[in-house]
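1. model this:
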Amino acid sequence: MKTMKIVGAIAAVSAMQILIPNQQAHAHGWAEFPEARQSICYEQGGLWSGTPPNAACAQAKEISGTYPFIQRNEFAINIPAPAYNDMDAVKAAIPDGSLCYANDAQKRGMGAEHTAWTRTELAPGEFEYVFNATAPHNPSFWQFYLTKPGVDVSKPLNWDDLVLLQEYGNVAVGEDKKYRMNITIPADRSGDAILYTRWQREDPVGEGFYNCSDITITGDGPIDPEPTEPYLEQGDAFIPQEVSLTTPQIGESVNYKVYNNNGEIHSSFSLIITEENQLAWDRLLAAEVSGYYHDHYDGNVFIGRWHAEMNHYMYFQNQLHENFFNSKNTQAYGEFSISEKNEFVEAVITPTVLKPITDATVSHGEYVVLTPANSLGDIEHVAWVQVRGTPIETEIGQHDELIINTARLDNLAQSFSFELTVTGQGEEDKSVYSFSVTPSDVEPGPGPEPGEQWSASAVYTGGETVIHNNQTWTAQWWTQGEEPGTTGEWGVWR
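-> The predicted structure is shown next:
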C-alpha cells in the first residue's frame, strides 16, 4: 500500500559500506521481453556440455563458467536504504563497465565486449515490457534507460552511454507473476541499442535488479519530428526555496494541496516520512499528485518541468527546488507544507471513526477519523478529495486514514463530505464520507412541529421533518440555515 508519511535524520552511509563488490543480493527475476542477455544464453543451451551456439554467450561461459546463466534471476546488488535513492551512490556501487552484471565479479562475462549478442527487434513507439518475477517484490520502483545514438553497444556499458527513457512507481504484479509496463521507443531511433532495466525494492536492504536487453530498433532512421511544445502553464516551485533542505523528521507529514481558480481546495495529498522514504519523499509526493491528475483529469496538473529533448514532462530527481506546479488552469496553484507528528494517536483521546456514506454528527473539538474501506487487495494509490464544506486542514494517518481535528474549525454548525478513491489490481473503488459538526457551546433549540414550513432561523435535529416548496424533507443531523433542496444527494436534507 502506498501510505503518506515524513523523514528523520539521514543515517550516514559511507561509500565503503555500500561498495562491496562481491555483495550478493537475493534478487529474483529477469527481463522477459525484450529478453535479458543472460536469459537468452540460458534458453539457447550448450551450457552443461559443449559450447553455446551464440559466440557472445560462449565467450561469457569461457570467462565466468555457467554461474551467470543458472543465476539468471539474480543479477542484482544490495544498496542499503536510503542510499539507493542517490544515483551517485548507485553509480559508485555499479561502476562503468559492470552495468550488465550489477558489479558481481562472478558474472563479469555477461558484460564483456562482443558483437554477437542475440537481439530482440522492436519498432519505434510503444510496446509492452514484461519482467518475469520468480519472486515479486513490492513496494518498488522502475527505471528504464536506452543507449544514446552512436554508442558502440558491443563494448562494456557505461552510465554516460545511457539516457533515462521512462520511470514507474510501485507496479502491481499479475497473477502470472509478471510485471507489465508500457515503454515507448523514440520515433527517431533505429539500429542496435541496449535497453537497461533497473528494478529497485524500497526496503532497508535496498535490493536492486539490473538487466541488459540487447535490441535492434527497426525504424527508418533519424527523422526531424515536429517539436512538441509544453502544454501546461508553469507555476511556482513545488518545494519553495524558503523550505529548508533539511530532511523532514520521521513521523512528520509533507503535504500538498491543489487550489482551483476560485482559491478553493481541489485535492489534498500527504506523505508520512519513514526511514525507507526519507531521501525520496519529494519524488513520491510529486508522483501522488501527478498520478492522481493523470488518472482522473487528463493530466492537467503535473509536478516537475518540461524536458525539451525528450518532449515530455518529467520530475527531476535530486533537484528539490527546480520542479514546478504545472497546470492547464493558469489560475490554479499548489501549496506545500510540513505537519508535525500526529500526537493525538498517543494521547488519551477516542476519535470518532466513520465508515463510508456515514452521516454522523460530532461535537466541535472532537477528532474525526475517516477510515478506508477497501476490497481490492493490494492498494496502489489512495487519494482523498474534499467535495463539500468549507476547505479544512486534514492529516493522513499511517494506514491512509483521513484525520480531522475539529477544534481547528470555527465553532459553528458545519457539514463536510470527502471522496476516497482507491486503486489496485487495475480496478478503482470510490466511496463518500459525510459528517456534521455541531457547536460545542450551543444547546439545540426547540424544533418545529412535524410538517411545519422550513425556517432559516430554526434549529433542526436528525429525524425532524419540514415542508419546503411543497415537498416533505427529513433532517439527517443537526442543521440551521441550510435550505432543503440545496444540500445534494448526501446532504442534511433528504
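2. When you work out contacts or count neighbours from here on, use the C-alpha atoms and nothing else.
-> Will do.
3. Would you state the strands of the stretch 251-400 of the chain in chain order?
-> With DSSP state E, counting those that start in this stretch as the criterion, the stretch 251-400 of the chain has strands at 253-259, 265-272, 301-307, 312-314, 324-327, 333-339, 352-354, 359-363, 367-370, 381-388, 395-396.
4. Relative to residue 436, which of these is closest?
-> Using CA to CA as the measure, strand 359-363 is the one of the strands of the stretch 251-400 of the chain that comes nearest residue 436, at 4.8 Å.
5. Direction included, what does that closest one pair against?
-> Paired strands of strand 359-363, with direction, are strand 427-438 (parallel) (DSSP bridges).
6. continuing past the strand it pairs with, what's the next helix or strand?
-> strand 452-453 (DSSP states H and E).
7. list the buried ones in stretch 428-445?
-> By neighbour count on 16 or more other CA atoms under 10 Å, the buried set for stretch 428-445 is 431, 432, 433, 434, 435, 436, 437, 438, 439.
8. per-residue confidence for the second one?
-> The predicted local distance difference test score for residue 432 is 82.
9. Apart from its chain neighbours, what residue comes closest to it?
-> Nearest residue to residue 432 in three dimensions, chain neighbours excluded: residue 419, at 4.5 Å (CA to CA, 6 or more residues apart in numbering).
10. and what of residue 238?
-> residue 324 (4.6 Å).
11. Next, count neighbours for the one you found.
-> For residue 324, the neighbour count with other CA atoms under 10 Å is 24.
12. Tell me if I'm right that it and residue 301 touch.
-> No: in terms of CA atoms under 8 Å, residue 324 does not count as a neighbour of residue 301; the distance is 10.3 Å.
13. Could you tell me what pLDDT the model assigned to the residue nearest to residue 238?
-> pLDDT, read off for residue 324, is 96.
14. That one: what's it in contact with?
-> 234, 235, 236, 237, 238, 239, 303, 304, 305 (CA atoms under 8 Å, 6 or more residues apart in numbering).
15. Can you pull out the low-pLDDT segments for the stretch 351-494 of the chain?
-> Within the stretch 351-494 of the chain, the stretches with pLDDT under 70 are 351-359, 373-380, 398-399, 425-426, 441-451, 462, 477-478, 488-491.
16. buried stuff in stretch 92-99?
-> Of the residues in stretch 92-99, 93, 94, 95, 96, 97, 98, 99 count as buried by neighbour count, 16+ other CA under 10 Å.
17. Which two of those residues have the greatest separation?
-> For those, with distances taken as CA to CA, the pair at the greatest spread is 93 and 97 (11.8 Å).
18. Next, format the strands of the stretch 251-400 of the chain as JSON lines and append distance to residue 411.
-> Below are the strands of the stretch 251-400 of the chain laid out as JSON lines (distance: least, CA to CA, whole Å):
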{"stretch": "strand 253-259", "distance to residue 411": "24"}
{"stretch": "strand 265-272", "distance to residue 411": "21"}
{"stretch": "strand 301-307", "distance to residue 411": "34"}
{"stretch": "strand 312-314", "distance to residue 411": "43"}
{"stretch": "strand 324-327", "distance to residue 411": "34"}
{"stretch": "strand 333-339", "distance to residue 411": "23"}
{"stretch": "strand 352-354", "distance to residue 411": "18"}
{"stretch": "strand 359-363", "distance to residue 411": "9"}
{"stretch": "strand 367-370", "distance to residue 411": "14"}
{"stretch": "strand 381-388", "distance to residue 411": "18"}
{"stretch": "strand 395-396", "distance to residue 411": "20"}
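19. out of these, nearest to residue 110?
-> Counting by CA to CA, residue 110 lies closest to strand 312-314 out of the strands of the stretch 251-400 of the chain; the figure is 32.0 Å.
20. and that closest one, which strands flank it?
-> Strand 312-314 pairs in its sheet with strand 301-307 (antiparallel), by DSSP bridges.
21. quick one: residue 39 is in a helix?
-> Yes: under DSSP: H, G, I helix; E, B strand; the rest coil, residue 39 sits within a helix.
22. State the distance from the closest residue to it other than its chain neighbours to residue 115.
-> Nearest in space to residue 39, with sequence neighbours left out and distances taken as CA to CA, 6+ apart, is residue 72 at 5.9 Å. Relative to residue 115, residue 72 is positioned 21 Å away (CA to CA, to the nearest Å).
23. Over to residue 42?
-> Going from residue 42 to residue 115 by CA to CA gives 18 Å.
24. In terms of neighbours, single out the busier of the two.
-> Per other CA under 10 Å, whichever of residue 42 and residue 115 has more neighbours is residue 42, with 18 against 12.
25. Give me the average confidence score over the helix or strand where the more buried one lies.
-> Following DSSP H and E, one finds residue 42 within helix 37-44. For helix 37-44, the mean per-residue pLDDT is 92.
26. So what's the gap between the host helix or strand of residue 127 and the chain middle?
-> When elements are assigned from DSSP H and E, residue 127 belongs to strand 125-132. Relative to its chain's centre, strand 125-132 lies at 20 Å (CA atoms, centre = their mean, to the nearest Å).
27. Return the list of strands paired to that strand, each annotated with direction.
-> strand 30-33 (antiparallel), strand 178-185 (antiparallel).
28. Buried ones in the last one, by neighbour count?
-> Burial within strand 178-185, assessed by neighbour count using 16+ other CA under 10 Å, is assigned to 178, 179, 180, 181, 183, 185.
29. now could you export just the CA positions of that strand as PDB?
-> In PDB, the C-alpha atoms belonging to strand 178-185 read as follows (Å, rounded to 0.1, in the frame of the first residue of the first chain):
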ATOM      1  CA  LYS A 178       4.900 -10.900 -14.300                       C
ATOM      2  CA  TYR A 179       5.200  -7.200 -14.200                       C
ATOM      3  CA  ARG A 180       3.900  -5.400 -17.300                       C
ATOM      4  CA  MET A 181       4.600  -1.800 -18.300                       C
ATOM      5  CA  ASN A 182       4.300   0.300 -21.400                       C
ATOM      6  CA  ILE A 183       7.600   1.600 -22.700                       C
ATOM      7  CA  THR A 184       8.000   4.000 -25.700                       C
ATOM      8  CA  ILE A 185      11.000   3.900 -28.000                       C
END
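30. State the next helix or strand along the chain beyond it.
-> Using DSSP H and E, the next helix or strand after strand 178-185 towards the C-terminus is strand 191-201.
31. Residues contacting that next one, please?
-> Strand 191-201 is contacted from outside by 31, 84, 137-148, 151, 153, 206-219, 221, using CA under 8 Å, 6+ apart.
32. Could you pull out the helices in the stretch 51-200 of the chain for me?
-> For the stretch 51-200 of the chain, applying DSSP state H, counting those that start in this stretch gives helices covering 55-64, 67-70, 87-93.
33. Indicate which one of these is closest to residue 470.
-> helix 87-93 (68.4 Å).
34. and that closest one, how far from the chain's centre?
-> A distance of 23 Å separates the centroid of the chain from that of helix 87-93, by CA atoms, centre = their mean.
35. buried stuff in it?
-> The neighbour-count check on helix 87-93 (16+ other CA under 10 Å) flags 89, 90, 91, 93 as buried.
36. The third one contacts residue 160, correct?
-> No: counting by CA under 8 Å, residue 91 sits too far from residue 160 to count as a contact (10.4 Å).
37. relative orientation of the lengthiest helix in the chain and strand 301-307 in degrees?
-> Criterion DSSP state H: the longest helix present in the chain is helix 281-296. Between helix 281-296 and strand 301-307, the angle comes out at 110 degrees (axes from the mean of the first three to the mean of the last three CA atoms, to 10 degrees).
38. List the contacts of the closest residue to residue 107 other than its chain neighbours.
-> Spatial nearest neighbour of residue 107, chain neighbours left out: residue 68 (5.0 Å); criterion: CA to CA, 6+ apart. Residue 68 sits next to 38, 106, 107, 109, 110 when contact means CA under 8 Å, 6+ apart.
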